[in-house]
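1. following is a predicted model, sequence given first.
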Amino acid sequence: MAVPLFLRIGLRYFHRASGSDRFLSLVSWFSLLGMLIGTVSLIVVMSVMNGFERELQQRVLSVVPHGYIEGPQQRLTGWRQYIQEISASEGVSGVAPYVGGKAMLSESNRLRGVALYGIEPSQERAVSAVAEHMVVGQYLADASGEYNIILGDILARQLGVTVGDDLTVILPKVTVTPFGLFPREKQFRVSGVFSVGAQLDASSAFIHIADAQRLYQLGDDVEGLRIQLADMFAAPTILPKLAAKLPEGSVAVSWGDSQGSLFHAVKMEKQMVRLLLLFIVLIAAFNIVSILSMAVSGKRGSIAVLRTMGATPATIMATFVVYGMATGIIGLCLGLIIGVPLAMSVGDVVAWLEGLSGMQIFNPDVYFITHLPSYLQWSDVAVVSGFALLLSLLATLYPAWQASRVQPAEALRYE
């Protein structure tokens, strides 16, 4: 099958590196290198950002359920029958009752604000993995009345407590006595410390639901239900439908509402990093404009000869588009060949470099991870590839159009 004339000549211009074309060829290879580096950087960094996002998502949502359904005026009566009804609903993988809200934990002169949850230990396992992240002590016992509490490890360090120590839980509610108004408080004993490796370790504490009911004076009622779904991203759609099965006035809160600011911050950071790295590809595309502009200027005689031999302006334009696109396509392909395997194994590469240098990038005492996470999404690869090809094509159009406008007589006059 015959190769089109414009394709043969365009590729020949790209490969040629003799005489006066040596400098032009050198610039072409630098442009190719820029496209390669930009592609590799984008794929690897975006994969690492995806890995951080997924790691954070998995850790946070291992403790925070996919959603809450809060009863009318923060009180739900007859919650056991609602648990059975909601558990049978499509898309629901776990339901558990809860009591709680904001509270203060006090030990000696230390005071910390926390999100305090009263949970049913056996049922809580269906919506939360706190029991699987205990690092010291034990998970809450099924029996109530012992007033035990489990804390995140960062919170425990801030309060200076460990297993067996006592601390005071203070609620933002008051108790009326003959001597006046006093904040409602109760002494609890630390029975365990958990660590999920996220901000929840510094702001969460759990007690038995029966102890919480007495503390909050709810009797046999609870505040609401914690919901775990088969598809966490379906929470905004499913939770309102589940809330409709509870008494009027019940409110549904998804993980996107309760933890949305955290994930939005990560997503915005990922977008900004992606935008900054795209400038590397953009610079490589500008180099293509420079290459073609110099090529058109240096090959006016060749263009004139081709025109006199019958080449149309469209053929000339296509020739220089091929010339410029060759740089972008080869740079992109090499970037994909290097970037995709590197993105899939960047954690192992960093671990190898740590072992080789003796340095530790992620100190477990400071960061919630000990390795560099990476999650390659093929949609990101497609976006990077499409963006690089589009920029390469756009960069060739103006110089190629200028080449197609060269007049043979005028160009040959000075040859």
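-> Good, I have the coordinates. Numbers count the residues shown, from 1 in each chain.
2. please, where are all the strands along the chain?
-> Assigned by DSSP state E, the strands in the chain fall at 67-70, 92-107, 110-119, 134-137, 148-152, 166-177, 180-194, 204-208, 224-229, 251-254.
3. which stretch in those strands has the least confidence?
-> For the strands of the chain, mean pLDDT drops lowest on strand 166-177, to a mean of 76.
4. on that earlier part again, want to throw the strands of the chain into a markdown table with distance to T327 and mean neighbour count?
-> C-betas here are computed from N, CA, C, even on glycine. Formatted as a markdown table, the strands of the chain follow (distance: least, CB to CB, whole Å; neighbours: other CB atoms under 10 Å):
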| stretch | distance to T327 | mean neighbour count |
| --- | --- | --- |
| strand 67-70 | 51 | 24 |
| strand 92-107 | 51 | 20 |
| strand 110-119 | 55 | 19 |
| strand 134-137 | 54 | 16 |
| strand 148-152 | 53 | 26 |
| strand 166-177 | 65 | 14 |
| strand 180-194 | 54 | 16 |
| strand 204-208 | 54 | 25 |
| strand 224-229 | 48 | 25 |
| strand 251-254 | 47 | 19 |
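5. I'd like those strands as JSON lines, with distance to L32 appended.
-> Putting the strands of the chain into JSON lines (distance: least, CB to CB, whole Å) gives the following:
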{"stretch": "strand 67-70", "distance to L32": "50"}
{"stretch": "strand 92-107", "distance to L32": "50"}
{"stretch": "strand 110-119", "distance to L32": "54"}
{"stretch": "strand 134-137", "distance to L32": "51"}
{"stretch": "strand 148-152", "distance to L32": "51"}
{"stretch": "strand 166-177", "distance to L32": "63"}
{"stretch": "strand 180-194", "distance to L32": "52"}
{"stretch": "strand 204-208", "distance to L32": "52"}
{"stretch": "strand 224-229", "distance to L32": "48"}
{"stretch": "strand 251-254", "distance to L32": "47"}
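6. G34 is nearest to which of these?
-> Closest approach to G34 among those (CB to CB): strand 251-254, 43.3 Å.
7. could you spell out the sheet neighbours of that closest one, each with its direction?
-> Sheet pairing of strand 251-254 (DSSP bridges) gives strand 67-70 (antiparallel).
8. what sits against P65?
-> Shown in contact with P65 (CB atoms under 8 Å, 6 or more residues apart in numbering): G94, A96, V127, S128, R226, I227, Q228, W255.
9. show me where the stretch 201-350 of the chain has helices.
-> Applying DSSP state H, counting those that start in this stretch to the stretch 201-350 of the chain gives helices spanning 209-216, 235-243, 255-258, 260-298, 300-308, 313-344, 346-357.
10. quick one: closest of the strands of the chain to L336.
-> Minimum separation from L336 across these (CB to CB) falls at strand 224-229, 35.9 Å.
11. and the angle from that closest one to helix 235-243?
-> Between the axes of strand 224-229 and helix 235-243, defined by axes from the mean of the first three to the mean of the last three CA atoms, to 10 degrees, the angle is 130 degrees.
12. tell me what strand 224-229 is packed against?
-> Strand 224-229 sits against strand 67-70, helix 79-87, strand 92-107, helix 235-243, with contacts defined as 3 or more CB pairs under 8 Å, 6 or more residues apart in numbering; DSSP states H and E.
13. closest to L215 out of the strands of the chain?
-> Nearest to L215, of the strands of the chain and by CB to CB, is strand 180-194 at 5.5 Å.
14. and L393, which of the helices and strands packed on strand 224-229 is closest to it?
-> L393 sits nearest to helix 235-243 of all those, at 38.9 Å, using CB to CB.
15. by contact count, what packs against the closest one?
-> Using 3+ CB pairs under 8 Å, 6+ apart as the contact test, the elements touching helix 235-243 are strand 67-70, strand 224-229, strand 251-254, helix 255-258.
16. who touches stretch 373-393?
-> By CB under 8 Å, 6+ apart, the surrounding residues in contact with stretch 373-393 are 35, 38-39, 42-44, 46-48, 50-55, 278, 281-282, 284-285, 288, 321, 324-325, 327-329, 331-332, 335-336, 340, 343-347.
17. got a list of what the nearest residue in space to S290 that is not next to it in sequence touches?
-> Beyond its immediate neighbours in the sequence, the residue positioned closest to S290 (CB to CB, 6 or more residues apart in numbering) is V27, lying 6.8 Å away. Applying CB under 8 Å, 6+ apart, one finds that V27 lies in contact with N287, S290, I291, M294.
18. make a markdown table from these and add pLDDT to it.
-> Shown next, in a markdown table, are the contacts of V27 (pLDDT from 0 to 100):
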| residue | pLDDT |
| --- | --- |
| N287 | 79 |
| S290 | 78 |
| I291 | 76 |
| M294 | 77 |
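19. of the residues you listed, select the buried ones using a PyMOL command.
-> In PyMOL syntax, the buried subset of these is picked out as below (16 or more other CB atoms under 10 Å):
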select buried, resi 287+291+294
